[in-house]
Structures are given as structure tokens and as C-alpha cells.
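**Student:** Everything below, folded, please.
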Amino acid sequence: MASNFKVLSLTDAAADRIKAIIAEADRPIAGLRVGVKNGGCAGMSYTMEYADGQKPGEDMVEDRGVKVFVDPKALLFLLGTQMDFTTTKLASQFVFNNPNQTSACGCGESVAITPVNPEAVRASA
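**Tutor:** Down below sits the predicted model:
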């Protein structure tokens, strides 16, 4: 399914930050792994970690010269998401512009996400 669709895209700022993270790592890193987990006041939060390589069942997105591996459990929650990196006076952070997100908590640490209906995805293919 996922090979027919753009699971995740990156802005230039996100790609540049991922490249910097990989370059600063103390070991060889293939890319960044993203996913979602239950938790927080809104119900879910995004996860990110170093990826040594692609795990079975994961989608790999190559965009703007970097690799992002998408946890298979997060696929329907992240479909169509744009990953950005923003810097303000108070924080620097990755931001997920997710069309499936229905709400977020006030602190910005967790979100409510409605998964994409797999039947609707197949019908639009």
C-alpha cells in the first residue's frame, strides 16, 4: 500500500537538521525513525530515534538527501504528513504538519490523530 503513496515529506529545514544530526552522531546512522505512541494529555505523541537501517515492514522515505524510516504501526497515522524543523527564541524542534491530526494539547507535546481509512486509500489508488 505505502509504496503507492507519499507517507511523509520533508521541508528543507527538516532535511538540513536531520543531516546535521546524522553528521554529529557518535556512530554510523542510516537515517531517522519516526512513529507515534500512546500517551500525553491529547492521546498520542510523535517519536523519533536514530535508525541503523530499515526494519522489516517499515517504509523508507528518501527526501532531500535523507532517509526517514516510518514505523509500520504509525503508517496510517502519518500518511500525508510534512515534517518541518522550526527555530524560535524559546525552542528548536521538529514539527509534524499532519492532515490526520484532529487536535493537540496546550503544551504541544501530544496530539489526537485519526488514522487514515485503508479502504479509502485503496479506492483512491
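**Student:** so where is the protein shaky, pLDDT-wise?
**Tutor:** Within the chain, the segments meeting pLDDT under 70 span 1-5, 40-42, 103-125.
**Student:** Look up which residues are beta-bridged to the residue nearest to the spatial centre of it.
**Tutor:** Centroid check for the chain by Cα atoms, centre = their mean gives Val34 as the closest residue, at 4.5 Å. Val34 has the following beta-bridge partners by DSSP bridges: Met48, Val70.
**Student:** Starting from Phe69, give me the distance back to it.
**Tutor:** 7 Å (Cβ to Cβ, to the nearest Å). Backbone N, C-alpha and C define where each C-beta goes, glycine included.
**Student:** and if you look at Gln101?
**Tutor:** In terms of Cβ to Cβ, Gln101 sits 21 Å off from Phe69.
**Student:** okay, these two: which has more neighbours?
**Tutor:** Phe69 (22 against 18; other Cβ atoms under 10 Å).
**Student:** surely that one meets Asp59?
**Tutor:** Yes. Between Phe69 and Asp59 there is a contact under Cβ atoms under 8 Å: 7.3 Å.
**Student:** The helix ranked longest in the chain packs against which elements?
**Tutor:** Longest helix in the chain by number of residues, with DSSP state H as the criterion: helix 12-24. Helix 12-24 sits against strand 31-38, strand 66-70, strand 81-87, with contacts defined as 3 or more Cβ pairs under 8 Å, 6 or more residues apart in numbering; DSSP states H and E.
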